[in-house]
Structure formats: structure tokens, C-alpha cells
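[1] Sequence plus predicted model, see below.
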Amino acid sequence: MELSILLTSHHRLLSVAAMLDVFQSVNRYFTEAGKTPFFDIQLLYGEESRNKHGYSDYITKPVTEVERTDLILIPAFASEDIRTLISENREMIQWLHGQYKQGVEIASFCTGAFLLGASGLLNGRKATTHINATTAFANSFPNVLLQAREILTEDGGVYTSGGATNSFHLMLHLIKKYCGIETAIYISKMFAIDMDREQQACYGTFTPNRDHGDELVKGIEQYIHEMYPEIHTIEEIVSEVPSSRRNMVRRFKKATGVTPIVYLQKIRMEAAKKMLEQTNKSIMEVMLEVGYRDEKSFRKLFRKNTGTTPISYREKFKGVVLNA
């Protein structure tokens, strides 16, 4: 099976390295069993691709020389500049369309989904990406059925994965599909990958981009960061700025990607998560300190933002702390 890994412009080296390591391991598994290596691996690059000469041990060629392959893998990007990514990879976008029309399956990993989003191949389809990039992805590609919590998606021969180690779960999914469950289990053990991970929401961190240039919104953000435990309504926020509620909400969402109330919730959730990770405070104490008074509402919002309960989150991430 011909496996083509795209050396996109601004690709993340670690992402490509992981793909090579995993699928070469599959080939070794087959050869050690006296069989022919399952994957014929090649690396494809476009005119704007960088570091294309850093893979001398592999078959590398320009995408323009490949009329058809069997499976395409798109690595994560090392840049967050979406316009540049799209501009410098337009050659690959056109090529991807041609491959998909021929029935070739395509898989993107982590932020590699932005290339598929820009191509339009995800329109009307389910997709995911790195949990911390989901807001930017949703704002950039509103016609995609974003599944922010999912670790991987499969829809119409197009696959996507969440970030970091979730990429391994998509690779396992592809290995299971093409090589069988026995091979997938072998690879999962070799790379110590849990095969039962269900979602990625608990791994997310809300890190808003505050370099958007809107000084009014920056002032609101600062106020929320400093006063989040005491804020009760949007009106309290509005009263601090020279703008109507409607205009403020519109400008705020345009700059940050979310409404002020959602921004406030996320700031509170991040504070709650840190307390659960680093202190022995009770759930009730954490709830009160971040600004909530209703336990049911707090637990509901916490699960909505992390995909799990406060207790389960603490058990998963809490480090060793001194007894209170």
C-alpha cells in the first residue's frame, strides 16, 4: 500500500517523525513475520516546502510527480499563521482535491486539519483538531462539523485527529483498518498507547490570543482576568467600558472568538483546574473561590469544558502536594 506523507510548508518535524516511526514499525512487524512490508512509504513536497532535503533516508518527490497514491497523511503545522499556511500550501490543496476525486483516503493530524479545512474537503463533514486550536478552526471554517472533544473523526474517507498523542490514536485506527487488530495491538504496546481514550477535552487549556489590536476588548479581558471571582453578570462588565452591550459583545467575539460570558466561564474553569491540580482544597472551596455559588451549575459547566467531573479531573492530573 502506497503511503504518502506530505512535507507541507511549516510542517512540524515531530509530527512527521512520529508517522515514520509508527509505520516503519508496522513494516518491521510484517518482515519479522516473513511477510512483505505492508506500506510503501514516500514523502511528498511542494514548491514552498521547507526541510524537504532533511529526509535523505526516504523516497522524496514533488507532489506534481504523483498521479495517484493510496493513503495520504498530513502532519501538524509548526505555525499558527493560517493565511501563510494556506498561501504556501496551495499547490498541495489542488493536488489533494485531485487525489480525493480518485477515491484516495486522506488523514490530517492535529493542526494539519487547517489544510483540509482550507481545501473545502471538510465542508459538511465531521472533523477535529488540537483542542487548543478548536476556536480558531471553528471561526475559520464554519461549514465544518467540528467535533472539538473527539480524539479522531472519520467521515467520507477523510480522517482527522486531535493534538499531540491523539495523533497516535488515529494512526492506530488506520493500522487496524488496513492491517488488522493484531497489528494495531502490537503497535499500541510498542508505543505504550492506551487504546481506550475516548475524548480530548480534559487536555485543553484556554489561552486566548490577546494580540488582536482591539484596545476596548483588551480592557475587558484584563478586567475579567482580575475580577472573575466577583463578576456576576455581563452588565457588570459593560459598566466598566464606554460601549453599549450589543456593540461590546460583537466586538469582543470578533476579537477573541467567544462571547464575554463564555470567556468568563473559561477563565474560571482554568482557575478551578489549577486548584484541583495543585491544592487539596475541596470541590466546594474551589467552586466558591472561582466565583460560583451553585454546585450543580459548577459541575455542569466543568464537565462541559473538560468532558469529566472535578473529582475525575483531580485524580487524573493532580501532582503530589503537601497535606493541608
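    Nice, I can see it.
[2] show me what contacts the spatially most central residue of the chain?
    The chain has His130 as the residue nearest its centroid, 0.9 Å off, counting by Cα atoms, centre = their mean. Counting by Cβ atoms under 8 Å, 6 or more residues apart in numbering, His130 makes contact with Ala76, Cys110, Thr111, Gly162, Gly163, Ala164. (Each C-beta comes from the backbone N, C-alpha and C, glycine too.)
[3] change it to 10 Å
    76-77, 109-114, 136-137, 148, 161-164, 166-167, 200, 203-204 (Cβ atoms under 10 Å, 6 or more residues apart in numbering).
[4] do Ala76 as well
    Contacts of Ala76 (Cβ under 10 Å, 6+ apart): 8, 10-16, 18, 108-114, 129-130, 133, 161, 163-164, 167.
[5] Give me the buried entries from those.
    8, 10-12, 15-16, 18, 108-114, 129-130, 133, 161, 163-164, 167 (16 or more other Cβ atoms under 10 Å).
[6] Gln222 versus the residue nearest to the centre of the chain, what's the distance?
    Per Cβ to Cβ, to the nearest Å, His130 is found 26 Å from Gln222.
[7] Likewise for Asp155?
    Distance from Asp155 to Gln222, by Cβ to Cβ: 40 Å.
[8] Which one of these two is surrounded by more residues?
    Taking other Cβ atoms under 10 Å, Asp155 and Gln222 do not tie; Asp155 has more neighbours (15 against 12).
[9] wait, isn't that one in contact with Leu122?
    Yes: applying Cβ atoms under 10 Å as the test, Asp155 and Leu122 come out as touching, 8.2 Å apart.
[10] Now do the shared contacts for the two.
    Contacts common to Asp155 and Leu122, judged by Cβ under 10 Å, 6+ apart, are Val144, Leu145.
[11] Poorly predicted segments of the stretch 51-200 of the chain, please.
    For the stretch 51-200 of the chain, the stretches flagged by pLDDT under 70 are 51-53, 196-198.
[12] All the helices of this protein, in order from the start?
    Using DSSP state H, the helices assigned to the chain run over residues 13-32, 82-88, 90-101, 113-119, 134-140, 166-179, 181-190, 215-227, 234-238, 245-256, 260-278, 283-289, 295-306, 310-317.
[13] Dump these into TSV; add distance to Ser4 as well.
    Listed next are these as TSV, based on distance: least, Cβ to Cβ, whole Å:
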stretch	distance to Ser4
helix 13-32	11
helix 82-88	19
helix 90-101	9
helix 113-119	14
helix 134-140	24
helix 166-179	13
helix 181-190	20
helix 215-227	43
helix 234-238	50
helix 245-256	37
helix 260-278	38
helix 283-289	48
helix 295-306	36
helix 310-317	37
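[14] Please work out which of these is packed deepest.
    helix 113-119 (a mean of 26; mean count of other Cβ atoms under 10 Å).
[15] one step back: show me what contacts the residue nearest to the residue nearest to the centre of the chain when sequence neighbours are not counted?
    Of all residues not flanking His130 in the chain, Gly163 sits nearest, at 3.0 Å (Cβ to Cβ, 6 or more residues apart in numbering). Residues in contact with Gly163, defined by Cβ under 10 Å, 6+ apart, are 15, 76, 109-111, 113, 128-134, 151, 200, 203-204.
[16] quick one: Arg210 from Leu44, how far?
    Arg210 is 37 Å from Leu44, by Cβ to Cβ.
[17] Looking at those two, which is more packed in?
    Shown here are Arg210 and Leu44; by other Cβ under 10 Å, Leu44 has more neighbours (24 against 14).
[18] distance of the residue of the chain most remote from its centre from Ile231?
    Relative to the centre of the chain, the most outlying C-alpha is that of Gly34, 37.8 Å out, by Cα atoms, centre = their mean. In this view, Gly34 and Ile231 are 67 Å apart by Cβ to Cβ.
[19] One more: Leu146?
    28 Å.
[20] Ok, Arg314 next?
    25 Å.
[21] Ok, Ala33 next?
    Counting by Cβ to Cβ - Ala33 and Ile231 are separated by 62 Å.
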